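Participant: Got a sequence here, can you model it:
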Amino acid sequence: MSIASPETLKGLMATYFNEVKGTDRIVSSSYKRILNKTLKMFAVDYPEYECLDNQKKILCTTYPTKIPLPHTASRRDQSSLEELYELYANSSNTRARTRFVVPVMSYKDKMICRSGSVLCCQPTENVKKDSALLKKLKISTVSNFMVYDRSNPSSKILVGLSEKEPEIKHYYSDVKLEKLPIRAVPNLKCFASYNYDFTHYMYKQLETIGFLKPKIDLSQHLVAPNNDQNAPKHINFMKLIELYFERMIQILKDPNETGLLIHCLSGWDRTPLFISMIRLSLWADGLLHSHFSAKEMAYFLVSYDWYLFYHRLRRRLQEKAELIHFVVYMMQFLTDSKFSLNNTPQRVRKLKFEQLYNEFLPGYSSILPLVKINDPPHFKIEC
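Facilitator: As a prediction, the model looks like this:
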């Protein structure tokens, strides 16, 4: 097999970095080979999966042309795929950039879904049908990672379902909205300049979080810079990520929760960041993709969660915002039992994340010279 083949992570990263814009990418042979390989890998965990056709009946131009649905998602009440298609199509009309709600994995029959945010000024009928899809997927909680810009009152993006008009809010009354606001891209532009060590990097945008009153109490983690109690307080960026991730694990552990939807504004930066973290945690626990080696897991992570569901890799790397790298880097700090869904020993999780990083790094590093970013240091882990 050629090292430049899309079947290798190095080949995948090269294809990803050089991909053409818009719908032209879906007709390339490399795209089709990556999609077909990813679908075969998806089938290992979901052998009865069905595919939503997103090519002949385009629902979203930045989603895969074939969208695999975990079998539990399509067979909860024996709904036909055509009936489900209509629900997905309406969600496409309701969500930002037509990035509709779609399940991408499951845990104990709980659907874990991703999407863009709900657009403001939606006709009641659209919202009604979008909420019907959430009910079909049994989504009980929405983790919203958006940061709303109060300086832009003309924004067409909804802060959260609770902000909607009462008659529309009614249709989402069965869904709990958890505001977990964070700005990822602006902060990760500093990742390389910190020599890929974010352990002391401070998140300095709490003013964008405070008024949203997130679910988690951050007060005990706030720090006054230079002990100046009059200055705006900051929080460690990785601690904020950790707290948000722990909250999502708590949701998945809760027997009263039936499904989780994760979204940010467009669903292609912060959304895959947290979706990937959940996927990797489930893999380390042996609860999902348990037959995947570290090499296979690295490939599937990049191909499915980022490439096929679209993320502006070239643009983000040119901005030095290394989101995919940060996800794999961050996992070494999420090994404690509170991040595990089945109390997997910490040493086991650490070892698996180390193996994953060592498989991920060579393929990822191969594209960094294209944007003049120095190679990240070799993964170091304390046992």
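Participant: Against Glu296, how distant is Val147?
Facilitator: Per CB to CB, to the nearest Å, Val147 is found 35 Å from Glu296. All C-beta spots, glycine's among them, are computed from the backbone N, C-alpha and C.
Participant: Not counting sequence-adjacent ones, nearest residue to His289?
Facilitator: Nearest non-adjacent residue to His289, counting by CB to CB, 6 or more residues apart in numbering: Trp283, 4.7 Å away.
Participant: pretty sure the one you found contacts Ala294?
Facilitator: No - assessed by CB atoms under 8 Å, Trp283 is found out of contact with Ala294, at 9.1 Å.
Participant: Between these two, which is the more surrounded one?
Facilitator: Neighbours per residue, other CB atoms under 10 Å: of Trp283 and Ala294, the larger number sits with Trp283, 23 against 18.
Participant: Please identify the helix or strand for that one.
Facilitator: Per DSSP states H and E: Trp283 is located in helix 270-284.
Participant: average pLDDT for that helix?
Facilitator: Average pLDDT, helix 270-284: 98.
Participant: Give me the helices and strands touching the next helix or strand after that helix, please.
Facilitator: The helix or strand immediately downstream of helix 270-284 is helix 294-300, counting by DSSP H and E. For helix 294-300, the packing partners by 3 or more CB pairs under 8 Å, 6 or more residues apart in numbering; DSSP states H and E come out as helix 9-17, helix 29-45, helix 346-365.
Participant: Give me the buried positions along the second one.
Facilitator: Read that as helix 29-45. Buried residues in helix 29-45, counted by 16 or more other CB atoms under 10 Å: 30-31, 33-35, 37-39, 41-42, 45.
Participant: same check, this time on the longest one
Facilitator: Using 16+ other CB under 10 Å as the burial criterion, the residues of helix 346-365 that qualify are 349-357, 359-361, 363-365.
Participant: Can you show me the strands along the stretch 101-250 of the chain?
Facilitator: Taking DSSP state E, counting those that start in this stretch, the strands of the stretch 101-250 of the chain run over residues 102-107, 110-115, 141-144, 176-179, 202-203, 235-236.
Participant: Kindly reformat the ones you listed as CSV containing mean neighbour count, distance to Leu301 and mean pLDDT.
Facilitator: Below are the strands of the stretch 101-250 of the chain laid out as CSV (neighbours: other CB atoms under 10 Å; distance: least, CB to CB, whole Å; pLDDT from 0 to 100):
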stretch, mean neighbour count, distance to Leu301, mean pLDDT
strand 102-107, 22, 11, 96
strand 110-115, 25, 14, 96
strand 141-144, 24, 19, 92
strand 176-179, 18, 24, 86
strand 202-203, 20, 25, 90
strand 235-236, 18, 25, 92
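Participant: circling back to that earlier point, between which two of the buried residues of helix 346-365 is the distance greatest?
Facilitator: Arg349 and Ser365 (23.9 Å; CB to CB).
Participant: To which secondary structure element type does Trp268 belong?
Facilitator: coil (DSSP: H, G, I helix; E, B strand; the rest coil).
Participant: For Gly116, see how far away it is.
Facilitator: 8 Å.
Participant: quick revisit: just send the strands of the stretch 101-250 of the chain back as a markdown table, with distance to Ala192 too.
Facilitator: A markdown table is the format used below for the strands of the stretch 101-250 of the chain (distance: least, CB to CB, whole Å):
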| stretch | distance to Ala192 |
| --- | --- |
| strand 102-107 | 28 |
| strand 110-115 | 27 |
| strand 141-144 | 28 |
| strand 176-179 | 30 |
| strand 202-203 | 17 |
| strand 235-236 | 19 |
